[in-house]
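# Provided below for reference: sequence and predicted model.
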Amino acid sequence: MPCDRLLKRLRIEVTTEEHAEIHREIERQTYKPCDEGIHDLTEAEFLTIVKKVKGKTKPLLAEILA
């Protein structure tokens, strides 16, 4: 299942920037293009990547709004 569909199925909303970073992280961890590498990850591993990426962007948004 491609990354986009998995995010939709799990009802996780991400920005375009976060989406691109999730793709890059999957490629870094699996050494494969995202749509192939996603099959090598468990759902828990995928969620860990999403949380990691979303955690990076949250402080940046807070800084912009401050």
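Sure, I can see it. Worth saying up front: this structure is predicted, and the values here are computed from it rather than measured.
# any idea how far residue 2 lies from residue 51?
To residue 51, residue 2 is 19 Å away according to Cβ to Cβ, to the nearest Å. For glycine as for every other residue, the C-beta is placed from the backbone atoms N, C-alpha and C.
# ok, the residue nearest to the spatial centre of the chain to residue 42 distance?
For the chain, the residue sitting closest to the mean C-alpha position, by Cα atoms, centre = their mean, is residue 22 at 2.9 Å. Distance from residue 22 to residue 42, counting by Cβ to Cβ: 15 Å.
# ditto for residue 23
On the measure of Cβ to Cβ, residue 23 and residue 42 end up 18 Å apart.
# More neighbours: which of those two?
A count of neighbours by other Cβ atoms under 10 Å puts residue 23 above the other of residue 23 and residue 42, at 19 against 8.
# Surely that one and residue 32 touch.
No. With contact defined as Cβ atoms under 8 Å, residue 23 does not reach residue 32; the gap is 11.3 Å.
# follow-up on the earlier one: which residues does the residue nearest to the centre of the chain contact?
Applying Cβ atoms under 8 Å, 6 or more residues apart in numbering to residue 22 gives the contacts 3, 7, 14, 34, 49, 50, 53.
# For this structure, which segments count as helices?
Here the chain has its helices, by DSSP state H, at 3-9, 16-30, 34-37, 43-65.
# which residues are contacting the shortest one?
So that's helix 34-37. With contact meaning Cβ under 8 Å, 6+ apart, helix 34-37 is reached by 2, 3, 22, 23, 26, 27, 29, 30, 31.
# again, 6 Å this time
Defining contact as Cβ atoms under 6 Å, 6 or more residues apart in numbering, one finds that helix 34-37 is touched by 2, 3, 23, 26, 27, 30.
# In it, which residues are buried?
34, 37 (16 or more other Cβ atoms under 10 Å).
# Quick one: low-confidence residue ranges for this structure.
1, 57-66 (pLDDT under 70).
# Can you tell me how far residue 17 is from residue 42?
Residue 17 is 25 Å from residue 42, by Cβ to Cβ.
# Quick check: chain neighbours aside, which residue is closest to residue 18?
residue 53 (5.3 Å; Cβ to Cβ, 6 or more residues apart in numbering).
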